[in-house]
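Trainee: I would like the atomic coordinates for the input below:
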Amino acid sequence: MKLKVITPEKGTEIDKEIYHVEAQGVNGSFGVLEGHIPFISVLKDKSILKYQSKKTTHIQSIELENPVLEVTQINKNKATKETEIVVIASKITQQ
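Mentor: Numbering: from 1, shown residues only. Alright, predicted model coming up:
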């Protein structure tokens with residue numbers, strides 16, 4: 001699964017292969033794993049996005065200002081799909 005975090009000022013700030021994501025939507029918190037159905041969610045302003053890389057057990061987190069999150073499925077080839085999470089925020093702060 002791939003995570004991309006994009007800001008207007010710097011463009012793509014994070015582009016990583018990850019295992020899972022936890023986010024704080026305006027209607028409650030949720031998690032995303034590989035194969036999740038596509039959706040779009042407005043996240044809470046100044047919310048914390050947590051994610052875990054495939055290569056480590058350490059959970060990383062960033063603070064997001066004015067974020068929107070989109071989950072999509074990308075066809076890698078005819079047999080497999082990859083989940084992609086794109087977050088667009090006005091600013092991110094590493095925790």
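Trainee: And the strands in the chain, which stretches?
Mentor: 2-7, 11-25, 28-33, 39-42, 47-53, 59-65, 68-75, 81-88, 91-94 (DSSP state E).
Trainee: May I see the buried residues of the fourth one?
Mentor: Residues residue 41 are the ones in strand 39-42 that count as buried (16 or more other C-beta atoms under 10 Å). For every residue, glycine as well, the C-beta is placed using N, CA and C.
Trainee: got the contact list for that strand?
Mentor: 23, 25, 26, 30, 67, 68, 69, 70, 71 (C-beta atoms under 8 Å, 6 or more residues apart in numbering).
Trainee: just the buried members of the residues you listed?
Mentor: Among the contacts of strand 39-42, those classed as buried by 16+ other C-beta under 10 Å are 23, 30, 67, 69, 71.
Trainee: any idea how far the first one lies from residue 31?
Mentor: Looking back up the chat, that one is residue 23. Remark: distance between residue 23 and residue 31 (C-beta to C-beta, to the nearest Å) = 8 Å.
Trainee: give me the low-pLDDT residue ranges for this protein?
Mentor: 78 (pLDDT under 70).
Trainee: Distance to residue 13 for the buried ones among the contacts of strand 39-42 - can I get that in a markdown table?
Mentor: As requested, these are arranged in a markdown table below (distance: C-beta to C-beta, whole Å):
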| residue | distance to residue 13 |
| --- | --- |
| 23 | 16 |
| 30 | 22 |
| 67 | 12 |
| 69 | 14 |
| 71 | 19 |
